[in-house]
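Novice: sequence plus predicted model, see below.
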Amino acid sequence: MNESAKLGCTSLAAKIRAATSTLSRAERRVVRILHATNFRAGTASVANLAAQAEVSGPTVIRFTSRLGYASYRSFQEAAEVEFAERVESPATLYQRGRIQSRPTDLDAVSGNILNSVKETFDRIDRVELDKIIKLLANERRHICTIGGRGTDVFAHMLAARLYPIRPNARAAGAQPLGFSQEDQLAFMGPRDVVVAFDFRRYEESTIFFARIAASKGATVVLFTDAWLSPIADFASNVITISSDNSSGPYDYWTPCLGVLEAMLEMLTSEMNPEVIGERIRLSEQYSRGLLAQGDSPAFKETNEGEPK
């Protein structure tokens, strides 16, 4: 039985991910071409895919057999499905939702969201998550988070939560002095950890940043959906999120947010609580404009004249 079958993998991307450690160097070239083309190359003929990957035809056949496909046509059909799902836009998702029955009340919608959260947590690889937590807890490592259109919110949130409790945590898209996020790649190295958020229809800028960082020795951690961003091809650790929304134009982000919240809570248990407490105290020492502070001008002004 092949590795992907042992793990119960169904999608082509998941099968490739499960079989990664068993692939030959030539077969990995096929994987890179598939990821680089959002799996569209897999819909071509054996000769065409072999030419794109610069490998032989028999290598392509061995690769598809290793994944558990009885024929190359079966592999092509899987690649067609993978490509179609990866490039679905909010417009096509919305049209699909219009055709299907769409929940119209809060209970039904919230139920769908909660189910996606539960499915995400049920499927998380605990060993993989523990490795990521230890990486983030290691204060000798420099953390850089990155996302794309929309997913940038996860990158900024994670960096904002990490910054008060450990040094050297930043979001690639929040650099001062007018520098672009790509400008930071020149200084990447083995001590860096890049946490990338990439969901369909995968961002070229995020993929480029993660790929170059990995080539310079950085450890890449990926949060992605069930169809797997091309970053999964070279990421050290991958967390998959059950984000599919069959009834609306946008995939669910709540499951990813839930995983981040859980991960951050578990992360603090890996660190010295006294150090965390002191860093949080110092980070708020010069905070301004927080209405909860009783000595702020705004607080005094709004409470002026009230009976003491």
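Specialist: Alright, I've got the coordinates.

Novice: which of the three states applies to the residue nearest to the spatial centre of the chain?
Specialist: In the chain, the C-alpha nearest the mean C-alpha coordinate belongs to Phe223, at 1.7 Å (CA atoms, centre = their mean). At Phe223 the chain is in strand, as set by DSSP: H, G, I helix; E, B strand; the rest coil.

Novice: correct me, but it touches Cys256?
Specialist: Yes - if you go by CB atoms under 8 Å, Phe223 and Cys256 touch, sitting 6.1 Å apart. Where you see a C-beta, it was placed from the backbone N, CA and C, and this is true even at glycine.

Novice: any idea what the residue nearest to the centre of the chain is bridged to?
Specialist: On the basis of DSSP bridges, Phe223 is bridged to Phe197, Ile239.

Novice: for it, give me its contacts.
Specialist: 154, 195-198, 239, 241, 256, 259 (CB atoms under 8 Å, 6 or more residues apart in numbering).

Novice: next, work out how far apart it and Arg73 are.
Specialist: Look at Phe223 and Arg73: by CB to CB, to the nearest Å, they are 33 Å apart.

Novice: picking up where we left off before, anything in contact with each of Phe223 and Cys256?
Specialist: Counting by CB under 8 Å, 6+ apart, the common neighbours of Phe223 and Cys256 are 154, 197, 241.

Novice: which of the residues you listed has the most neighbours?
Specialist: Highest neighbour count within the shared contacts of Phe223 and Cys256: Phe197, with 29 neighbours (other CB atoms under 10 Å).

Novice: quick one: contacts for it?
Specialist: Contacts of Phe197 by CB under 8 Å, 6+ apart are 145-148, 151-152, 154-155, 206, 223-224, 256.

Novice: now the shared contacts of Phe223 and Cys256 as TSV including distance to Asn272 and pLDDT?
Specialist: Listed next are the shared contacts of Phe223 and Cys256 as TSV, based on distance: CB to CB, whole Å; pLDDT from 0 to 100:
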residue	distance to Asn272	pLDDT
Phe154	26	96
Phe197	28	97
Ile241	30	91
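
Novice: now, which of those residues sits nearest Ser110?
Specialist: Ile241 (18.1 Å; CB to CB).

Novice: for the closest one, give its distance to Ala36.
Specialist: From Ile241 to Ala36 the distance is 22 Å (CB to CB).

Novice: Val194 now?
Specialist: 19 Å.

Novice: do Ala84 as well
Specialist: Taken as CB to CB, the span from Ala84 to Ala36 is 17 Å.

Novice: can you check Glu182 too?
Specialist: Going from Glu182 to Ala36 by CB to CB gives 19 Å.

Novice: more neighbours: which of these two?
Specialist: When Glu182 and Ala36 are compared on other CB under 10 Å, the one with more neighbours turns out to be Ala36, at 15 against 12.

Novice: what's the closest non-adjacent residue to the more buried one?
Specialist: Using CB to CB, 6 or more residues apart in numbering and skipping residues adjacent in sequence, the residue nearest Ala36 is Pro230, 6.4 Å away.

Novice: one more: Thr59?
Specialist: Closest residue to Thr59 apart from its sequence neighbours, by CB to CB, 6+ apart: Ala26 at 4.7 Å.

Novice: what about the one you found, which SS state?
Specialist: Quick answer, by three-state DSSP: Ala26 is helix.

Novice: how many residues are close by it?
Specialist: Number of residues near Ala26 (other CB under 10 Å) recorded here: 17.

Novice: kindly report the same for His156.
Specialist: Neighbour count for His156, taken as other CB under 10 Å: 17.

Novice: what lies in contact with the helix or strand containing it?
Specialist: Assigned by DSSP states H and E, His156 belongs to helix 152-162. Helix 152-162 has contacts (CB under 8 Å, 6+ apart) with 136, 143, 145-147, 169-174, 195-197, 223, 253, 256-257, 260, 264.

Novice: how close does Leu264 sit to Arg161?
Specialist: Counting by CB to CB - Leu264 and Arg161 are separated by 5 Å.

Novice: cool, Pro190 as well?
Specialist: Relative to Arg161, Pro190 is positioned 25 Å away (CB to CB).

Novice: report pLDDT for Ala44.
Specialist: On the pLDDT scale, Ala44 is placed at 94.
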